[in-house]
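Peer 1: I'd like to go over a predicted model; first the sequence, then the structure.
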Amino acid sequence: MSRAASAFKVLVSHPNVPTPALELLRSRGAETIICQSVPPSREEILKKVPGVDAIYWAHYQPLNAGILDAAGPQLRCVSTMSSGLDYADIPEFQKRKIPLGHTPGVVKNSVADLAIGLMIAAGRHFHAGRTEIERSQWKVEQINWMMGQEIRDSVIGFFGFGGISQAIAKRLQCWDVAKIIYHTRTRKENDGDFKAEHVPFETLLKESDFLVVAAPLTNETREKFSAKAFELMKKTSVFVNVARGGLVNQTDLHDALTTGKIFAAGLDVTTPEPLPADSPLLKLPNCVILPHMGTQTMKTTIEMSLLAANNILNCIEGKPMIRPAY
Ligand SMILES: O=C(O)C(=O)CO
């Protein structure tokens with residue numbers, strides 16, 4: 001264990017941060033100031049944050065100038081406990097030269113597992129099938145009932161080809177897929193490891209049998225999947241989003257699912273979150289929706305929490321963050 005830094009204060013924005021991460025911070029000299037509200041209350045954060053050396057941001061509320069101003073000029077660093085940073089005002093951190101860390105990498109396995117679950121659940125009518133049982137509509141005598149899409153012999157397309165997409169591609173190596181294609185701004189050096197091919201966005205849309213979205217939400221990717229995109233996709237295609245709801249125009253997705261432009265969708269992320277219980281998307285038989293639980297396993301949550309703590313500790317101890325955001 002490295003030398004304990006002199007005492008410093010860390011504001012922890014959520015009471016459920018795993019104990020190993022809190023113990024790690026304390027073992028290296030941190031006094032942890034833990035917010036108790038669930039869901040986190042901005043009022044409590046603003047009350048407790050003045051004077052801290054570091055902020056451990058463990059939820060998805062805006063992380064912006066308001067929080068940095070309230071913390072004060074002694075603030076040395078912030079780490080989120082998330083991979084995505086769409087809720088953080090990164091330019092504001094850059095302007096103030098405050099290091100910001102996050103937790104990509106460690107999320108890839110649990111999100112990849114869930115994405116494959118969604119590919120199958122949406123492609124094979126898990127939601128509609130369950131509903132039919134509840135409605136006593138189990139039509140097992142009909143040979144063409146609940147016909148779904150198979151992963152075998154399919155073209156699997158990825159929008160984004162970072163850690164999560166690559167973890168999915170790695171898992172699919174033994175699923176007898178026809179081809180793996182992906183679209184990113186630039187070609188990935190290691191795509192050959194996954195027998196994947198870089199293609200233009202339009203080709204991704206036209207050729208994918210399963211299209212998985214696993215890219216950050218930025219100004220460039222916002223609503224990238226709208227009517228124009230769904231129009232180009234195969235009528236038999238399955239659309240899966242494990243990234244952020246904001247990459248999709250949900251009204252257009254609803255239209256694509258109800259008019260047969262695409263076959264089905266599996267979503268772990270929506271806009272807004274939580275999705276209102278009366279959302280029209282929830283009424284669709286060909287849409288499987290989960291409450292943003294890609295990283296919800298104990299193993300991954302602990303890994304994320306430790307990485308966030310280590311980002312902060314590195315910074316306090318004068319070393320580069322393990323996963324800096326910029
Ligand atoms: O880490 C993230 O950004 C997540 O969305 C967790 O599911």
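Peer 2: Looks like it came in fine. Everything numeric in this text was worked out from a predicted model, so none of it was measured. Numbers count the residues shown, from 1 in each chain.

Peer 1: got the CA coordinates for the helix or strand containing residue 228 in PDB?
Peer 2: Assessed by DSSP states H and E, residue 228 sits inside helix 227-232. Output in PDB follows, covering the C-alpha atoms of helix 227-232 (Å, rounded to 0.1, in the frame of the first residue of the first chain):
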ATOM      1  CA  ALA A 227     -36.500   8.100 -38.900                       C
ATOM      2  CA  LYS A 228     -33.900   8.500 -41.600                       C
ATOM      3  CA  ALA A 229     -31.800   5.700 -40.100                       C
ATOM      4  CA  PHE A 230     -34.600   3.300 -39.300                       C
ATOM      5  CA  GLU A 231     -35.800   3.700 -42.900                       C
ATOM      6  CA  LEU A 232     -32.600   2.200 -44.100                       C
END
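
Peer 1: report the buried residues of that helix.
Peer 2: Under the neighbour-count criterion of 16 or more other CB atoms under 10 Å, helix 227-232 has 229-230 buried. Heads up, the C-betas are built off the backbone N, CA and C, glycines and all.

Peer 1: then stretch 189-208?
Peer 2: 191, 194, 196-197, 199, 204-205, 207-208.

Peer 1: which pair of the residues you listed spans the longest distance?
Peer 2: Longest distance between any two of those is 20.1 Å, between 194 and 205; criterion CB to CB.

Peer 1: number of nearby residues for residue 70?
Peer 2: Residue 70 has 18 neighbouring residues, counting by other CB atoms under 10 Å.

Peer 1: quick check: phi and psi on it?
Peer 2: Per-residue torsions, residue 70: phi -60, psi -40 (degrees, to the nearest 10).

Peer 1: contacts only, for it.
Peer 2: Shown in contact with residue 70 (CB atoms under 8 Å, 6 or more residues apart in numbering): 45-46, 49-50.

Peer 1: average pLDDT for the helix holding residue 228, rounded please.
Peer 2: Throughout helix 227-232, pLDDT has a mean value of 98.

Peer 1: among the contacts of residue 70, which ones are buried?
Peer 2: Buried residues within those, defined by neighbour count using 16+ other CB under 10 Å: 45, 49.

Peer 1: secondary structure element for the closest residue to residue 109 other than its chain neighbours, which one?
Peer 2: Leaving out its chain neighbours, the residue that sits closest to residue 109 by CB to CB, 6 or more residues apart in numbering is residue 167, at 5.7 Å. Of the helices and strands defined by DSSP H and E, residue 167 is found in helix 163-171.

Peer 1: past that helix, which element shows up next along the chain?
Peer 2: Note on helix 163-171: by DSSP H and E, the next helix or strand toward the C-terminus is strand 179-183.

Peer 1: packing partners for that next one?
Peer 2: strand 155-159, strand 196-198, helix 201-207 (3 or more CB pairs under 8 Å, 6 or more residues apart in numbering; DSSP states H and E).

Peer 1: and those as CSV, adding mean pLDDT and distance to the ligand?
Peer 2: Shown next, in CSV, are the helices and strands packed on strand 179-183 (pLDDT from 0 to 100; distance: least, CB to the nearest ligand atom, whole Å):
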stretch, mean pLDDT, distance to the ligand
strand 155-159, 98, 16
strand 196-198, 97, 23
helix 201-207, 98, 22
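
Peer 1: redo these as a markdown table? Include distance to residue 273.
Peer 2: Formatted as a markdown table, these follow (distance: least, CB to CB, whole Å):
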| stretch | distance to residue 273 |
| --- | --- |
| strand 155-159 | 20 |
| strand 196-198 | 30 |
| helix 201-207 | 25 |
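
Peer 1: which one of these lies closest to residue 172?
Peer 2: Per CB to CB, nearest to residue 172 of the helices and strands packed on strand 179-183: strand 155-159, 6.1 Å.

Peer 1: chain center to that closest one, what's the gap?
Peer 2: Distance of strand 155-159 from the chain centroid (CA atoms, centre = their mean, to the nearest Å) equals 17 Å.

Peer 1: how about stretch 10-23?
Peer 2: Per CA atoms, centre = their mean, the displacement of stretch 10-23 from the mean C-alpha position of its chain is 21 Å.

Peer 1: contacts for it next, please.
Peer 2: Applying CB under 8 Å, 6+ apart, the contact partners of stretch 10-23 are 25, 30-38, 40, 45, 48-49, 52-59, 71, 81, 301-302, 305-306, 308-309, 312.

Peer 1: near the ligand, which residues of the stretch 101-250 of the chain?
Peer 2: Listed as neighbours of the ligand in the stretch 101-250 of the chain under the rule CB under 6 Å from any ligand atom: residue 107.

Peer 1: among the contacts of residue 70, which lie within helices?
Peer 2: 45-46 (DSSP state H).

Peer 1: which among the contacts of residue 70 gets closest to the ligand?
Peer 2: residue 45 (19.1 Å; CB to the nearest ligand atom).

Peer 1: okay, helices next: where are they in this protein?
Peer 2: So, for the chain - with DSSP H - the helices run 19-27, 42-48, 65-71, 90-96, 108-123, 126-134, 163-171, 201-207, 227-232, 250-258, 298-316.
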